[in-house]
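Student: no FASTA, just this:
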């Protein structure tokens, strides 16, 4: 059981009358020569780490290694707890979790790269927010993680998830596409709707540069994880509403890859351009060195 692109994935879903998660689970078992129970056990551990990294900083905020971030997730949570979240509870929970994971990552804590450390807050951020809002089971979230894994696999096979290669559109963009697709399946959308959502995310985040201040995966990375969650939620809502995406995921993935390779080196994780080269950012680097 394998697939080289999204078209083949959708064909397998159609032939077997099943969601994307089922195909990806079977692929993992075939490729890893393991059982479904063992694969699910590993995915359950993934979910456990995601939940821990997405929640602990709310209770115990701390400063990052570079000193650029720390405590943001707690501030968001307090605002929601006081009924002041202007973006609604699902979005507020999602961005809180996403930003929390980046706090853990930047303080050398344990996270799940999904697909990278710099974009690790987006998938757990959205899925955990939906679970909390709708009372979904962990088993449902595990299915959603297989779905997200399928999108990430396609990106790694046919494009890139590295900011140094394709800019932040390849890190946060792919993570957001993974989250959007997973969210659609979690909310009982079809495989086609899942990939519509993933394609929409890449379209909306096309050209996003990678410009970490001081070369650290802290800022603006944390804010980008929050915006990635928002993009994923928007794309999922559009798709679940029955709105078709006119450009297939395979084509948007190829376009993202092409655009990424055309970005100048200064905008691909070198910290020589974008936000990293602003006077304020340079001053921050000077103060922390």
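Tutor: That came in fine, so what should we check first? Note that this is a predicted model, so its numbers are computed, not measured. Numbers count the residues shown, from 1 in each chain.

Student: I'd like the mean pLDDT over the helix or strand hosting residue 97, please.
Tutor: Per DSSP states H and E: residue 97 is located in helix 89-105. On average, the pLDDT along helix 89-105 is 98.

Student: gap between the closest residue to residue 104 other than its chain neighbours and residue 185?
Tutor: Once flanking residues are discounted, residue 104 sits nearest to residue 53: 4.2 Å by C-beta to C-beta, 6 or more residues apart in numbering. Any C-beta I mention is one placed from the backbone N, CA and C, and that applies to glycine too. Per C-beta to C-beta, to the nearest Å, residue 53 is found 23 Å from residue 185.

Student: Output the contacting helices and strands for whichever strand or helix holds the residue nearest to residue 104.
Tutor: Using DSSP H and E, the element containing residue 53 is helix 36-59. Packing contacts for helix 36-59, counted by 3 or more C-beta pairs under 8 Å, 6 or more residues apart in numbering; DSSP states H and E, involve helix 20-32, helix 72-81, helix 89-105, helix 122-134, helix 138-158.

Student: For residue 234, find the nearest of the ones you listed.
Tutor: Between residue 234 and the helices and strands packed on helix 36-59, the shortest gap by C-beta to C-beta is with helix 89-105, which sits at 9.4 Å.

Student: what packs against the closest one?
Tutor: Using 3+ C-beta pairs under 8 Å, 6+ apart, helix 89-105 sits against helix 36-59, helix 72-81, helix 122-134, helix 221-240.

Student: Centre of the chain to the last one, how far?
Tutor: Averaged C-alpha coordinates place helix 221-240 at 8 Å from its chain's average position (C-alpha atoms, centre = their mean, to the nearest Å).

Student: tilt between it and helix 72-81?
Tutor: 50 degrees (axes from the mean of the first three to the mean of the last three C-alpha atoms, to 10 degrees).

Student: between helix 221-240 and helix 122-134, what angle do the directions make?
Tutor: Using the same axes, to 10 degrees: helix 221-240 against helix 122-134 is 60 degrees.

Student: and the next element down the chain from helix 221-240?
Tutor: Taking DSSP H and E, what comes next after helix 221-240 is helix 249-262.
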